[in-house]
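Visitor: The sequence and its predicted three-dimensional model are supplied below.
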Amino acid sequence: MDDGDLQALESWVEPLIAKLGPAERRRLARHVARELRISQRERIKAQQNPDGSAYAPRAALRGQAGGIRRRAMFTRLRTARFLTMKAGPNAAAVAFLGRVARIAKVHQQGLRDRVEPGGPMHQYPRRELLGFTRADRERIRDSLIDHLT
């Protein structure tokens, strides 16, 4: 979902939400944030980018016979402890907290970082952990319509 789609959704929703009180907007934001967190968690579990493509596979290390490399990536990052939601009367957000936020940022943007503290540098491929899919946009729209009716 690009910025144009988000702005179109925002312009459509803004006059409708303006009629709600702060407590009701907060309740709606909490519901939307919860739905987004669930969908992001399921997409990370499926190892997919928001556009539906698969994550780039892990790089094999020389001399290592598999083990941890065969398991799915980001198993702990997708838990509620690290993938948090914030909701207020004016916004709903799903984000990573603490040290995992830096790890998620490196993978989200495909940056260069150390494999371990004091270890070698590695260029990580881009794996979009957070992002809107078409289904997310429809889920948000449906949640808003259900809440307003």
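Guide: Received, thanks. Numbers count the residues shown, from 1 in each chain.

Visitor: Check what contacts stretch 95-110 and list those residues.
Guide: By Cβ atoms under 8 Å, 6 or more residues apart in numbering, the list of residues contacting stretch 95-110 from outside reads 74, 76-77, 82-84, 86, 111, 113, 123-130. Quick note: C-beta positions are derived from backbone N, CA and C, even for glycine.

Visitor: In helices, which of these fall?
Guide: Among these, no residue falls in helices (DSSP state H).

Visitor: Pull out the buried members of those.
Guide: Neighbour counting with 16 or more other Cβ atoms under 10 Å marks 74, 77, 82-84, 124, 127-130 as buried within those.

Visitor: and those residues, which two are the farthest apart?
Guide: 84 and 124 (22.6 Å; Cβ to Cβ).

Visitor: right, and residue 85 touches residue 34 too?
Guide: Yes: with contact defined as Cβ atoms under 8 Å, residue 85 counts as touching residue 34 (6.2 Å).

Visitor: The two: who's more crowded?
Guide: residue 85 (19 against 15; other Cβ atoms under 10 Å).
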